[in-house]
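Q: dropping a prediction and its sequence here:
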Amino acid sequence: VGGGYLLGAITNAAVFLRDDDQTNYPSLFSDFFETDTSASWTKRVGALNAVDDSYAVFNYDYKSINPETGGDNILPSPFSTNFPPRGLKVSFNKVFNPSGGATGDGVDAAGGVNFYANGQNFGGNYAVRFSLFMSVAASATTEHALFGINHSGTKTNWVSQTADPQGQSRGGDGIFFGVVNDASTGTGPNYAVYVSTNQAAPPSTNQQRAATTLTRIFPNPPYSPAAGVAGSPGNSAFVGSAENFSWVDVEITQIGRVISLRMNNEPIFSYTNSTAFTNGTIMLGYNDQFGSSGTPEGFAVYDDVRVLRLPPSVSILATDSVAAEPGGVVNNGQIQIFLSQASPVDLTVPITVSGTAVNGTDYVSVPTSVTIPAGATFTNIAIVPLTDALAESAETVILTVGAGADYLRSAPLSATNTITDSTYVSITATDASAAEPGTNFNTGQIQIALTPVSPTSLTISYTAGGTAINGIDYATIPTSITVPAGIATTNITIGPLSDNLVEVAETVILTLQAGANYGLGSASAATNTIADTTPVRPNVSSFAFGTSSNRFLLSGGIGDNTNQFVLESSPVVNGPYNADTTALVEFLSNGFFRITTTNLPVNTNIFYRIKR
């Protein structure tokens, strides 16, 4: 209040600050509609009844008196620099014509209209930015602004929420968005990402949001949807006296494979594009998804259209995500930092190193920044593990790219490499005693253990030493053994062989040999002892010689009726008494036995021993 004036009906106003953070990027295309630029755009229409029931006005003076409602003007867009401001006005299924006459067929059928920028093919990293004003018709007349990227410009992209048996909505291409002007319930596809991928189906809804999730971005007021549901960017009372800021600042970005939508500088959608539609022209349009009309009409005004070249985007990916310490399955990891497009200058990208592995201790030091040379699109960082001779669980290396002034960042921003522990091999005698065949026959066992288990099969080499001879004193064992992937232990059996000799115990010593794919543990040798079988030692008192041919087959000994003995003689004599001839023995009741032979030459000395 002050002297010399009176207060009017409106005594306050809200100011919204929009951060135009892309003004310094090179411009690829722009249209502020200050002249009739209709020749620079191609119109495409689709409808359930196959009738063009759309209208569009280029160079539309939206600041003038609004003839549709008899009301006042629409406020200038936030980026408008000319007066009166002008834009592109589009709608569908309306009987009003700005020239004063009727248009359309008077039938409300779902349909849409697209305008494509002629002769444009945008790819790589770029942004589309424009101002959008949406007018709401009668309450619950739900309509959508359409806009998209990576289109051919030869097809129509629109959505029908009613049955489309003739497939009129099929055959689109590219990625586009639908934004509701007036959400009557605040649920359903009020905001959506649509993908048109083939000729045989209508566009698919990849993501959608209800208006009720965006009440902070589009509060009521200043936005004033007829249904009164906050979260809709439409306006049902766009008169000068309202003085409401009701435009929407729209930004679509393609950074790498990620296509994002921001409205009033707030993120709405982020879509990872896995389709073939990675480049093309831009599209502005309008969609009546339900087939409706109302008074006053619903429409959209587009202004301040710009396409900007964005700098390269940096992403990071583990191209070899598993490494192993030396002494195990030898493998270095690799993490790649790559650009969406080559840069004309060198780009230095800061890196944050984290994870459970220690930089410079568990692996060769990784720098805190890398430089991607001009013209290149990637650089690799090797993760080279270092051995620490410790049995431990797997450890991780996480690299995260930081922000920079000369590039953008696009997911993924972090990459992980896992360092597996070395596989160490140890050997122990799990059954250290063996015995030759006989009363106390027993096999020995030596075990080879892997810590940790190997993800691939390992062939482990060893030598066989000791006083016992491989293949003579025990069954032949090889000089290596293969342990399958994922197996922790394997056993080697020591199987003694009979050598018919009375001898001392003998040893088998297996010693591990170093290998390229494993390390040696603290126990690298194991010993197994082979005991001789205790023979039956009969007491021999005398030999009785005579001419008798009595013969007794030696089939047992004192206290042992299972052994068989062989009689050896020296010197060798003729006849049936040659060396190693099976002898005949008589066992006596007093614990002795008698060997009976016949036809020996006179005065021949013969020495015998019992051989088991």
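A: Everything's here; your move. Numbering: from 1, shown residues only.

Q: tell me which element Ser393 falls in.
A: Under DSSP states H and E, no helix or strand contains Ser393.

Q: can you tell me which residues contact it?
A: Asp421 (Cβ atoms under 8 Å, 6 or more residues apart in numbering). Using the backbone N, CA and C atoms, a C-beta is placed for each residue, glycine as well.

Q: now it: how far from Thr459?
A: Ser393 sits 25 Å away from Thr459, going by Cβ to Cβ, to the nearest Å.

Q: same check, this time on Arg306
A: 65 Å.

Q: how about stretch 43-54: buried residues?
A: Of all the residues in stretch 43-54, those buried under the rule 16 or more other Cβ atoms under 10 Å are Arg44, Val45, Gly46, Ala47, Leu48, Asp52, Asp53, Ser54.

Q: and for stretch 252-264?
A: Neighbour count says stretch 252-264 has 252-264 buried, by 16+ other Cβ under 10 Å.

Q: among the residues you listed, which two are most distant?
A: Greatest spacing in those, by Cβ to Cβ: Arg257 and Asn264 (25.0 Å).

Q: domain ranges for this structure?
A: 27-309, 313-415, 424-531, 535-612 (automatic domain parsing).

Q: which of those domains has the lowest average pLDDT?
A: When these are ranked by mean pLDDT, domain 535-612 comes last with a mean of 41.

Q: gap between the nearest residue to Trp158 once chain neighbours are set aside and Tyr363?
A: Once flanking residues are discounted, Trp158 sits nearest to Gly112: 2.6 Å by Cβ to Cβ, 6 or more residues apart in numbering. Plainly put, Gly112 is 56 Å away from Tyr363 if you go by Cβ to Cβ.

Q: cool, Gly519 as well?
A: 17 Å.

Q: okay, how far is it across stretch 416-429, tip to tip?
A: End-to-end span of stretch 416-429 (Cα to Cα, to the nearest Å): 41 Å.

Q: report the distance from that stretch to the chain centre.
A: The gap between where stretch 416-429 is centred and where its chain is centred comes out at 25 Å by Cα atoms, centre = their mean, to the nearest Å.

Q: looking at the buried residues of stretch 252-264, which are in strands?
A: Ile252, Thr253, Gln254, Ile255, Val258, Ile259, Ser260, Leu261, Arg262, Met263 (DSSP state E).

Q: now the residue nearest to Trp158: which helix or strand?
A: Assessed by DSSP H and E, Gly112 sits inside strand 111-117.

Q: now do the next helix-or-strand element following that strand: which elements does it pack against?
A: Where DSSP H and E defines the elements, the next helix or strand beyond strand 111-117 is strand 126-135. Under the contact criterion of 3 or more Cβ pairs under 8 Å, 6 or more residues apart in numbering; DSSP states H and E, strand 126-135 touches strand 144-151, strand 234-235, strand 248-255, strand 299-309.

Q: buried deepest among those strands, which one?
A: Ranked by mean neighbour count under mean count of other Cβ atoms under 10 Å, these are led by strand 234-235, which reaches a mean of 28.

Q: residues of stretch 480-500 that come out buried?
A: Of all the residues in stretch 480-500, those buried under the rule 16+ other Cβ under 10 Å are Ile481, Val483, Thr490, Ile492, Ile494, Pro496, Asp499.

Q: keep only those of those that are in strands.
A: Ile481, Val483, Thr490, Ile492, Ile494.

Q: and of the residues you listed, the nearest to Pro311?
A: Val483 (52.5 Å).
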